[in-house]
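Student: what follows is a predicted structure for the sequence shown.
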Amino acid sequence: MTIRVLIVDDQMMVREGFSVLLNAQPDIEVIGEAVDGRDAVRKVAALRPDVVLMDIRMPELNGLDATREIVAADADAKVLVLTTFDLDEYVYQALRAGASGFLLKDASAHQLAEGVRVVAAGEALLAPAVTKRLIQEFSRLGAAAARPPARERIGDLTDRETEVLVLVAQGRSNAEIAAGLVVAESTVKTHVSRILVKLGLRDRTQAAVFAYEVGLVTPAG
């Protein structure tokens with residue numbers, strides 16, 4: 001099935017470049033472009049893309065606020081944030097707002113295409129080059145932000161669900177988790193679904209953010 005993508009960036013050359021790279025893939029089709037966050041919100045509603053490639057720093061409405069509006073309007077929307085900065089101050093907030101992950105703009109064509117596929121499949125995506133530093137930011141901000149009720153919600157999980165949550169937060173795919181725990185991949189999917197329901201989260205990315213914020217996973221963990 002073809003993955004339908006909307007590209008959001010205020011620079012025309014960037015939009016055109018990504019369009020060429022992604023349209024060269026047999027399973028990806030760029031169905032539209034947006035020039036800023038406000039334009040993105042309108043076009044997501046009209047075109048219903050499978051994945052939104054979202055720049056952060058734009059006029060009218062930045063990528064963070066646009067992501068929040070898009071996700072609020074459609075809980076199933078998948079937003080892949082693209083940024084030039086490996087420690088962009090907005091990346092952490094964008095993930096909390098509901099983005100499914102992020103990549104640096106200097107990612108290769110292969111990484112970009114794979115990123116779109118991963119997010120379309122419902123997996124979390126964190127750029128490998130900055131994951132460690134982002135985790136540190138999760139922990140630093142999360143230590144102050146996590147409220148006691150959030151920590152208490154961990155108690156609703158079984159030991160196995162907690163184990164799976166930690167592995168999800170470490171960026172493991174369902175297949176990798178299944179192999180590590182020696183269980184069927186369908187069993188892992190069931191665990192992940194129950195985790196999301198119990199914690200009141202929308203997807204794996206928010207589950208990962210939650211795990212870091214409450215201190216279940218640390219940079220060394």
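Tutor: On my side now, so go ahead.
Student: so what's the residue of the chain most remote from its centre scoring on pLDDT?
Tutor: Most distant from the centre of the chain: V182, at 26.5 Å, with distances by Cα atoms, centre = their mean. In the predicted model, V182 carries a pLDDT score of 93.
Student: check L134 too.
Tutor: At L134, the model reports a pLDDT of 60.
Student: ok, A24 next?
Tutor: Here the pLDDT value assigned to A24 is 95.
Student: check contacts around it.
Tutor: Counting by Cβ atoms under 8 Å, 6 or more residues apart in numbering, A24 makes contact with A109. For the C-beta atoms, the positions are set from N, CA and C on the backbone; glycine is no exception.
Student: what about it, distance to M54?
Tutor: 21 Å (Cβ to Cβ, to the nearest Å).
Student: so for stretch 6-23, what gets flagged as buried?
Tutor: Within stretch 6-23, the residues that qualify as buried by neighbour count (16 or more other Cβ atoms under 10 Å) are L6, I7, V8, D9, D10, V14, R15, G17, F18, S19, L21, L22.
Student: mind checking what secondary structure V183 has?
Tutor: Secondary structure assignment for V183 (DSSP: H, G, I helix; E, B strand; the rest coil): coil.
Student: could you measure from it over to A107?
Tutor: Counting by Cβ to Cβ - V183 and A107 are separated by 32 Å.
Student: same question, D50
Tutor: D50 is 19 Å from A107, by Cβ to Cβ.
Student: ditto for I31
Tutor: 21 Å.
Student: any buried residues in stretch 97-107, and which?
Tutor: By 16+ other Cβ under 10 Å, the buried positions in stretch 97-107 come out as A97, G98, A99, S100, G101, F102, L103, L104, A107.
Student: right, and the last one touches A113 too?
Tutor: No - in this structure, A107 sits apart from A113 without contact. The criterion is Cβ atoms under 8 Å, and the distance is 9.5 Å.
Student: show the end-to-end separation of stretch 48-60, please.
Tutor: 21 Å (Cα to Cα, to the nearest Å).
Student: in that stretch, what counts as buried?
Tutor: P49, D50, V51, V52, L53, M54, D55, I56, M58.
Student: dig out what the nearest residue in space to A120 that is not next to it in sequence forms beta bridges with.
Tutor: Take A120 and drop its neighbours on the chain: the residue closest to it by Cβ to Cβ, 6 or more residues apart in numbering is I3, 4.6 Å away. Beta-bridge pairing of I3 under DSSP bridges involves I28.
Student: need the next SSE after the helix or strand where L95 lies, C-terminal direction.
Tutor: Assigned by DSSP states H and E, L95 belongs to helix 89-97. Beyond helix 89-97 in the direction of the C-terminus, DSSP H and E gives the next helix or strand as strand 101-104.
Student: quick one: distance of that next one to the chain centre.
Tutor: 8 Å (Cα atoms, centre = their mean, to the nearest Å).
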